[in-house]
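Structure, please.
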Amino acid sequence: MQGKILIIDGISTNRIVLKVKLTAAFYQVAQAGTLHEALKAIREDPPDLVLTAINLPDATAAELCGHLRATPATANIPVLAIDTACDAQTRLATLRAGALDVMNKPVNETLLLGRVRSMISAYNKFAEWQMRDETSCALGLAEAPADFMHPGTVTLIGMEAGPLQGWVRQMLPHLRASYTVTLLRDAMAALHSGKTPDAIVLALPDTAEHSETCLRLISALRASARTREIALLMIQKTPDPIRATSALDMGADDVMTAAFDAAEVALRLQVLLRRKRHVAQMLQSVRTGLREVVNDPLTDLYNRRYAMPFMTRMIAHSAANQAQFAAIVADMDHFKRINDLYGHASGDAVLVETARRLRMTVRGGDMVARMGGEEFLIAMPDTDIETARSVANRLCAAIGNTPFAIPGADHPVHITISIGLAMNAPALTMERNPEEVHALLDRADKALYAAKLEGRNCVKFSRPQNRPAA
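Residues are numbered from 1 along each chain as shown. Below you'll find the model as predicted:
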């Protein structure tokens, strides 16, 4: 399943219609008719997204948001509200309470699914960083969050400077920030020179040709290391569900489909900037608080001290969310020969290069650690078996397919690595009784030994009986 969604609506027909659309898109769907039922369901099984009517039999969507935001465990669950004819005051009140969007009926199915994908993706990304930050807390290394938030910098991009400058004047009373205006044709050059803004407001042109240029800009921004973390809000002058969905899928953080409204733009930017700063704080905590204590000094990978709490939290997170994950144990083949033939300095150089290749091959959210000697651990949250096998095979190829240029050797040296792969057991996850870290790693270890027995330089997912000499 792509994620868990809770639908809240006092009218059963509305719930059924939405459930049909979402289950057809492979989402797991739960239902509630009242706020009381919804809060009980959320406590028992937290969803990845709440989709609610504006008015419920015993509350409003804004009151629902208030309940969720009051509890740390539910504070970050995204809320999408839907209403037949929501007036501007109710819409703003709902957004101000914490809803990420309010969609009006009749809801375009393509845009609805695009919204759902975007919100769940952002939620999962935030949860991954939060899991890393919680690992820091478990180690007693977290820094206190900063209470004061400096004003953000916002760049408005569009076809003409005049309307954008008018937007800035309207925005100033609602959001204290430093604003700049850039034309669409100059956007990439401007964003890659000078200070990078915290957020971008992108005005989508009405013409097809310029709209495509605008959408390509979103992809370009997300592909660049300098601009990929900028919060990005796109505004449509004329509603176009297909282009709005494309913008979300290409990497826009948020889309307004009903033209510019200064108060609403300010609310949406505040949400994006707050999330951006929170992630940045968690990232900084991981980078500065953990580096010297939990990083291997030779390879700069995480070490066992960090890896084991991370694995524990990954298992707990996966059990709570009924998600699969993978653990990979990798051991270099005949590594002792490198030290014996070329010296320990050359062996260290091989370990450093191996670490670099492992980091370059895994996904951004995966954790790579050196567990000791020439043994490495890769933890892969939210991963199915096909993806895990694919990554494991790429890791094997990344080491074995390109010889190592090392000190003391006249020619590049061919080096290989053996890999053991273990997945969490779905049945245990469904019962909320996940296996312990040591049991999971023991299975991965036995798979590794099987790879050694098979001749090394391969990936195995099995339970061998004997451990051969390295």
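
after the lowest-mean-pLDDT helix or strand in the chain comes which helix or strand?
Least confident helix or strand of the chain, by mean pLDDT, DSSP states H and E, is helix 426-430 with a mean of 47. Moving toward the C-terminus from helix 426-430, the next helix or strand (DSSP states H and E) is helix 437-453.

hey, C-alpha coordinates of that next one in CSV?
What follows is helix 437-453 as a C-alpha-only set of coordinates in CSV (Å, rounded to 0.1, in the frame of the first residue of the first chain):
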residue,chain,number,x,y,z
VAL,A,437,17.6,-5.9,16.1
HIS,A,438,19.9,-8.8,17.0
ALA,A,439,17.6,-11.4,15.4
LEU,A,440,17.3,-9.4,12.2
LEU,A,441,21.0,-8.9,12.0
ASP,A,442,21.6,-12.5,12.7
ARG,A,443,19.5,-13.4,9.7
ALA,A,444,21.4,-11.0,7.5
ASP,A,445,24.7,-12.4,8.9
LYS,A,446,23.7,-15.9,8.0
ALA,A,447,22.7,-14.7,4.5
LEU,A,448,26.2,-13.1,4.3
TYR,A,449,27.9,-16.4,5.2
ALA,A,450,25.8,-18.1,2.5
ALA,A,451,27.2,-15.6,0.0
LYS,A,452,30.8,-16.5,1.2
LEU,A,453,30.0,-20.2,0.7
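
Quick one: list the elements packing against it.
helix 304-321, strand 326-332, strand 417-423, strand 459-460 (3 or more C-beta pairs under 8 Å, 6 or more residues apart in numbering; DSSP states H and E). Using the backbone N, CA and C atoms, a C-beta is placed for each residue, glycine as well.

For those, give me CSV that also has mean neighbour count.
CSV is the format used below for these (neighbours: other C-beta atoms under 10 Å):
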stretch, mean neighbour count
helix 304-321, 19
strand 326-332, 25
strand 417-423, 25
strand 459-460, 23
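
Relative to Ala38, which of these is closest?
helix 304-321 (18.2 Å; C-beta to C-beta).

Would you mind writing the CA trace of that closest one as PDB?
Output of helix 304-321 as PDB, limited to C-alpha atoms (Å, rounded to 0.1, in the frame of the first residue of the first chain):
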ATOM      1  CA  ARG A 304      27.900   0.800  15.600                       C
ATOM      2  CA  ARG A 305      26.900   3.300  18.300                       C
ATOM      3  CA  TYR A 306      24.600   5.200  16.000                       C
ATOM      4  CA  ALA A 307      23.500   2.200  13.800                       C
ATOM      5  CA  MET A 308      22.000   0.100  16.600                       C
ATOM      6  CA  PRO A 309      19.600   2.700  18.000                       C
ATOM      7  CA  PHE A 310      18.700   3.700  14.400                       C
ATOM      8  CA  MET A 311      17.800   0.100  13.700                       C
ATOM      9  CA  THR A 312      15.700  -0.100  16.800                       C
ATOM     10  CA  ARG A 313      13.800   3.000  15.900                       C
ATOM     11  CA  MET A 314      13.400   1.900  12.300                       C
ATOM     12  CA  ILE A 315      11.900  -1.400  13.400                       C
ATOM     13  CA  ALA A 316       9.500   0.300  15.800                       C
ATOM     14  CA  HIS A 317       8.500   2.900  13.100                       C
ATOM     15  CA  SER A 318       7.900   0.100  10.600                       C
ATOM     16  CA  ALA A 319       5.800  -1.900  13.000                       C
ATOM     17  CA  ALA A 320       3.600   1.100  13.800                       C
ATOM     18  CA  ASN A 321       3.100   1.900  10.100                       C
END
